[in-house]
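Asks: Requesting a structural model of the entry that follows:
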Amino acid sequence: MKRLGKKFLAAALAIVSALSISGCSVESGDALASLPRLPGEYLALQQQVDAILAQGYIPAVAESGQNRQAMQQQDIDGDGQKEIISFYRSSTSGEYMIYVHKRQGDDYVELGHAKGYGRYLKEVSYPRCQNNGARAIALSWGMEDDSASGMSVHTLGSDGLNEALAVRYSNSYIVDVNYDGVDEIFLTAFDRVSSAMVMTAYGFRNGECSEISQTPLSSDVKNVVKITKSTKPGQWGLSLYVDSLAATGGYITDIVELRSGVLTNTTLGSGSKRSAATWRPVNITCQDIDNDGIPEVPLADMLPGYTDPEAADTLWKLRWTRFENGGANGVAVETFHAPAEGWYFQWPETWGSNVSAQRKSEAGIIKTAFLVPVEGAEEGYLFQGKDNVLLQIWVFTGDNRQEYFASSGMEWLHTSDNAIYGYSLLENGYPQLSLSADQVARSFHAITKEWASEVFS
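Replies: Down below sits the predicted model:
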């Protein structure tokens, strides 16, 4: 066990050393970033680790999130000095243990420990639990029933590490919505009484983490997909945009605010059980598309020439709609989105409802053509003729994508890790709808994948 303990500390030190040599910095909590400087101090921490490992525990890491190391640093007690938080799992029973140690002179002392519960540790977060900078330890657990997760929240008190909250949930989000220096924890879960999904807000006070308020989500929510926050505070602080898969298909958004301690679903009208104004038949989540600090809801219109909203090949134009006090309040921008291919195109105002699109997939190339539909054409309404195609965007994938792009004659737009994006502007009979190369470059956007953290904003 002593040998394993030495390897454990050596591995943590190796991570920090490698980052220091490369000039990179370690973000708070992401690793044991400031190990003791002197051999004697290493020994003091080593002795603590050996004692834990001697009980049959092995180092444990979370499966996702930003804080995945078995040893991490955070200021748990708010004194400006970071404590060491370490995670272990029993090699026999699978039980988890969490320890907090603090450096005192040349020694390390245990401030507290706690038992975990659950089949595996999903994610570790550190919500601010006091406005002096102290943080709690929020642990997300995978349970035997994969349909729900568990969360345990631990705070440091005079008697050690205390369990402030233990609850089951489906989705979670941690953020200080009212700018008081203390985070709130927002959890969604299925409420058996109402047979619907609800969101509950929890807050910190006097070392406890207790329920503040609860609000229903739309009655037809099947499961929550994503929670997004605004970054520009409104009258009641920050808003949460809860995107969910509707039971009947498509996505629906509930916009939730914490108003003077009351959690309010602003998009549920009086007596309504569904945020109908935010529903759309496409599976695209909210986004701050215009970078104004407030997410927009992507309402969808079928492009000309398409009639079946349930058909897999139906293409859509998105109206990124602003919502205020639960109601639509203007459109920020319109786009054509191709999320599976990693791009979107800002719809030119001059195109309006006069332009449609077609998509074709060939070996290693996905082709999208923006065109003016032809009334009465024998080949079909969306026939690509000699003078009605305005713009083509091709996505080259696969091992031979560079070769395919070079021989295509397309102009370059963007290169990602697994695709090359090109375009061509064709001669057409619609000069009022034509675009320049600069307009194409400004309107094209790559879709970047976000960090797959579940709980922390």
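
Asks: which residues in the stretch 351-457 of the chain form strands?
Replies: When secondary structure is read from DSSP state E, counting those that start in this stretch, the stretch 351-457 of the chain shows strands at 356-362, 365-371, 389-396, 411-415, 420-425, 444-446.

Asks: Please apply the same query to the stretch 51-200 of the chain.
Replies: 57-59, 71-74, 83-90, 96-104, 107-115, 120-125, 137-142, 149-157, 160-169, 171-175, 184-191, 196-205.

Asks: Which among the ones you listed is found nearest to Glu427?
Replies: Distance to Glu427, taken as CB to CB, is lowest for strand 171-175 among the strands of the stretch 51-200 of the chain, at 50.3 Å. (Glycine included, C-beta is placed from N, CA and C.)

Asks: Name the residues of the closest one that are buried.
Replies: By neighbour count with 16 or more other CB atoms under 10 Å, strand 171-175 contains the buried residues 171-175.

Asks: got it, and stretch 270-278?
Replies: Residues of stretch 270-278 classed as buried: 274-275, 277-278 (neighbour count, 16+ other CB under 10 Å).

Asks: Distance-wise, check the nearest residue to Asp292 once chain neighbours are set aside relative to Ile85.
Replies: Computed as CB to CB, 6 or more residues apart in numbering, the closest residue to Asp292 that is not its neighbour in sequence is Lys232, at 6.8 Å. According to CB to CB, to the nearest Å, Lys232 stands 33 Å off from Ile85.

Asks: These two: who's more crowded?
Replies: Ile85 (26 against 11; other CB atoms under 10 Å).

Asks: ok now the strand ranked longest in the chain, how far from the chain's centre?
Replies: In the chain, assigned by DSSP state E, the strand with the most residues is strand 327-338. Centre-to-centre, strand 327-338 and its host chain are 21 Å apart (CA atoms, centre = their mean, to the nearest Å).

Asks: Going by neighbour count, which residues in that strand are buried?
Replies: Within strand 327-338, the residues that count as buried by 16+ other CB under 10 Å are 332, 334-338.

Asks: Report the next helix or strand after it in sequence order.
Replies: Counting by DSSP states H and E, the element after strand 327-338 in chain order, helix or strand, is strand 343-346.

Asks: How far does stretch 214-223 stretch from one end to the other?
Replies: By CA to CA, to the nearest Å, the extent of stretch 214-223 from end to end equals 17 Å.

Asks: Tell me which stretches of the stretch 201-350 of the chain form strands.
Replies: 208-216, 221-229, 239-246, 251-259, 262-265, 297-302, 316-324, 327-338, 343-346.

Asks: Who does the fifth one pair with, and is each partner parallel or antiparallel?
Replies: Put plainly, it is strand 262-265. Take DSSP bridges as the rule and strand 262-265 pairs in its sheet with strand 251-259 (antiparallel).

Asks: May I see the buried residues of the partner strand?
Replies: Across strand 251-259, burial judged by 16+ other CB under 10 Å covers 251-258.

Asks: Now do that strand: distance to the chain's middle.
Replies: 16 Å.

Asks: ditto for stretch 59-70
Replies: 17 Å.

Asks: Alpha carbons only: can I get that stretch in PDB?
Replies: Output in PDB follows, covering the C-alpha atoms of stretch 59-70 (Å, rounded to 0.1, in the frame of the first residue of the first chain):
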ATOM      1  CA  PRO A  59      -7.500   6.400  -5.600                       C
ATOM      2  CA  ALA A  60     -10.800   7.300  -7.500                       C
ATOM      3  CA  VAL A  61     -11.600   9.800 -10.300                       C
ATOM      4  CA  ALA A  62     -14.800  11.200 -11.600                       C
ATOM      5  CA  GLU A  63     -16.000  10.100 -15.000                       C
ATOM      6  CA  SER A  64     -16.700  13.500 -16.400                       C
ATOM      7  CA  GLY A  65     -16.500  17.200 -15.800                       C
ATOM      8  CA  GLN A  66     -13.600  19.600 -15.200                       C
ATOM      9  CA  ASN A  67     -12.500  18.200 -11.800                       C
ATOM     10  CA  ARG A  68     -11.500  14.600 -12.600                       C
ATOM     11  CA  GLN A  69      -8.200  14.200 -10.700                       C
ATOM     12  CA  ALA A  70      -8.100  11.900  -7.700                       C
END
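
Asks: List the buried residues in that stretch.
Replies: Applying 16+ other CB under 10 Å to stretch 59-70 flags 59-60, 62, 64-70 as buried.

Asks: before we move on, back to that, tell me which of the strands of the stretch 201-350 of the chain lies nearest to Val153.
Replies: Proximity to Val153 (CB to CB) singles out strand 208-216 among the strands of the stretch 201-350 of the chain, at 4.8 Å.

Asks: contact partners of the closest one?
Replies: 129, 136, 153, 155, 164-165, 184-185, 191, 194, 196-203, 256, 258, 261-265, 268, 273 (CB atoms under 8 Å, 6 or more residues apart in numbering).
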